[in-house]
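**Q** no sequence for this one, just the structure:
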Ligand code: HEM
């Protein structure tokens, strides 16, 4: 008897002997997964190991070999569940059936997870929009949009939250309402019982409560106190560049040294001394960057966090958390002679009915450094990159700086800098082309919400939606001419703007420009970031001549950008010389 005959006879025997009740067990299991997607070891083990084990004796009646009965039952059980899942996701009954997108994305988030791991998520989303149009199904339960009218209903007040509301711990299915099948990117980032950082807080009520402290920390009055820190660190950066005059330096790395030192001062009362030592001595930057690569990849399959957390060496999260917790504790013990960020995050003023717990303070301390360092460094590097690429624009900016600050005068007046047209146009243009949170923000039409109308589209509940910043900010419908080029003129009043070529129509739609996001969960640190961008750009343009390192093909820098939630940048090697006045 041939092997194929044996196999087909075995399957024929199985088919003959499978009972109605076995089919019911499979469908119930599938339904539990579809409806609740339990992701904790207990229920998952029950559904994927215990249930098929119960079915083994049924097949063992007909297949005498026990190992064969076990493997057949398990493989059949898993294949059928996957078959049901796939059929439903591709069927016209799926709530997102009418939205176009690649089949692989409709089937699972594994494709997105793989793309995210390559750092090219931002260009992938853009290509999808170029192919499929304004709205694309990027996952079984996820859409991405590329039209400006979506910004307000998705991100604005009364828009969508980052995830579901209260976590109910019901029976053996944890967080019944957070359905990991539909899980938004912020789902399951921290272990049960640990607080999320402000940015990962999904419940809009809790987010609003915690945001009050942050809003106080970034009020105009509070930022005035931080100016002292920014200026001290800007002077240190200039000194370090002067010492290294004529040598190759990587501007990208030095922008991170600067921004990490500033955020260290603001949050812990001391910098990480990256500029002083010329390297990341505490490994803070490296650890944060590694964490972002992993969390961006897993954001698409967030149930996996539960299991990877069991292998601390992989996530390394605890190390980062412990490191920042030590710094926070040190800052609290030592106190500070200025009202720094920690002053507000610990509610030293006593304005809240309840003091924040130490674990919330630790978690917010960590997110301040993550959210405030590489983002600012990316924008600074991008501004300098585009100015290096187009020396005429560098010269134009220098004339403006010289017009506002006489030679020898340090560019420190933040009010003056806020009104410098070409400076702010250059900053906006770099933020448009390289938004540091390049794939933008995701929000969720949570289960039970009834869904949401976004322009001409209806987003059924239980689905997530991205407003894709990279695609929107390069869309010629909103930014023309030169949507892919650095053209600060687009931000200037018509009388100062150079003429568009061939009388191309001029379009600038501010609704599509959201590098700091929009609405109640937008970037709270925007004004601090703008202060840093203005001060450092003015300092460098005023004090240094910059040259690209010989042999480096500068135009390749932009291609090397990677999207790991915040942008990871390639090196930008330059030679700086002090300017002679
Ligand atoms: C050029 C620099 C920066 C850019 C482009 C930027 C951009 C963003 C974006 C796009 C978000 C996501 C909002 C959302 O989910 O919709 C965000 C959130 C946030 N950013 Fe920034 N950011 C920058 C600098 C900073 C700085 C200096 C800080 C200071 C600590 C900061 C603190 C935060 C915080 C705490 C959040 C979470 C806000 C919330 O969930 O309520 N950012 N930022």
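**A** Now that the structure is in, tell me what you want to look at. Remember, it's a predicted structure, so these values are computed and weren't measured experimentally.

**Q** can you map out the helices along the stretch 101-250 of the chain?
**A** 103-107, 110-118, 121-132, 151-155, 204-217, 220-243 (DSSP state H, counting those that start in this stretch).

**Q** Can you say which of these is packed in most?
**A** helix 151-155 (a mean of 21; mean count of other Cβ atoms under 10 Å). All C-beta atoms are positioned from the backbone trio N, CA, C, and that covers glycine.

**Q** Please list the residues outside it that contact it.
**A** Here helix 151-155 makes contact (Cβ atoms under 8 Å, 6 or more residues apart in numbering) with 145, 159-160, 441, 443, 452-455, 465, 467, 511-512, 514, 517-519, 521-522.

**Q** any idea how far residue 429 lies from residue 387?
**A** Going from residue 429 to residue 387 by Cβ to Cβ, to the nearest Å gives 10 Å.

**Q** any chance you could map the strands in the protein?
**A** In the chain, the segments counted as strands under DSSP state E are 135-139, 142-145, 248-250, 441-445, 452-454, 457-459, 463-467, 479-480, 507-508, 544-548, 562-564, 566-568, 573-578.

**Q** In CSV: the ones you listed, plus mean pLDDT and mean neighbour count.
**A** Formatted as CSV, these follow (pLDDT from 0 to 100; neighbours: other Cβ atoms under 10 Å):
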stretch, mean pLDDT, mean neighbour count
strand 135-139, 96, 25
strand 142-145, 96, 25
strand 248-250, 96, 17
strand 441-445, 89, 25
strand 452-454, 95, 18
strand 457-459, 96, 18
strand 463-467, 93, 25
strand 479-480, 96, 20
strand 507-508, 96, 14
strand 544-548, 96, 17
strand 562-564, 96, 21
strand 566-568, 94, 22
strand 573-578, 96, 18
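
**Q** Out of those strands, which gets nearest to the ligand?
**A** Comparison of those against the ligand by Cβ to the nearest ligand atom identifies strand 441-445 as nearest, at 3.3 Å.

**Q** for that closest one, the distance to its chain's centre please.
**A** Taking Cα atoms, centre = their mean, to the nearest Å, one finds strand 441-445 lying 12 Å from the centre of the chain it belongs to.

**Q** That one pairs with which strands, and in what direction?
**A** With DSSP bridges as the test, strand 441-445 is paired with strand 463-467 (antiparallel).

**Q** who's in contact with the residue nearest to residue 385 when sequence neighbours are not counted?
**A** Counting by Cβ to Cβ, 6 or more residues apart in numbering, the nearest residue to residue 385 once its immediate chain neighbours are dropped is residue 557, at 5.3 Å. Listed by Cβ under 8 Å, 6+ apart, the contact partners of residue 557 are 385, 569-570, 572.

**Q** Same question for residue 351.
**A** Neighbouring residues of residue 351 by Cβ under 8 Å, 6+ apart: residue 216.

**Q** what about it, distance to the ligand?
**A** From residue 351 across to the ligand, the span is 18 Å (Cβ to the nearest ligand atom, to the nearest Å).

**Q** Residue 89 now?
**A** 27 Å.

**Q** Also residue 303?
**A** Distance, residue 303 to the ligand, using Cβ to the nearest ligand atom: 21 Å.

**Q** can you tell me which two in the contacts of residue 557 are farthest apart?
**A** Pairwise distances across the contacts of residue 557 (Cβ to Cβ) peak at 10.0 Å, for the pair 385 and 570.

**Q** how long is stretch 553-561 end to end?
**A** End-to-end distance for stretch 553-561: 14 Å, by Cα to Cα, to the nearest Å.

**Q** Is it positioned near the ligand?
**A** No: contact of stretch 553-561 with the ligand (Cβ under 6 Å from any ligand atom) is absent, the minimum separation being 13.7 Å.

**Q** Going by neighbour count, list what's buried in that stretch.
**A** Within stretch 553-561, the residues scored as buried using 16 or more other Cβ atoms under 10 Å are 557-558, 561.

**Q** now, which of the residues you listed sits nearest the ligand?
**A** Closest to the ligand out of the buried residues of stretch 553-561 is residue 561 (13.7 Å), distances taken as Cβ to the nearest ligand atom.

**Q** Which residue would be the closest one in the protein to the ligand?
**A** Nearest residue of the chain to the ligand (Cβ to the nearest ligand atom) works out as residue 525 at 2.2 Å.
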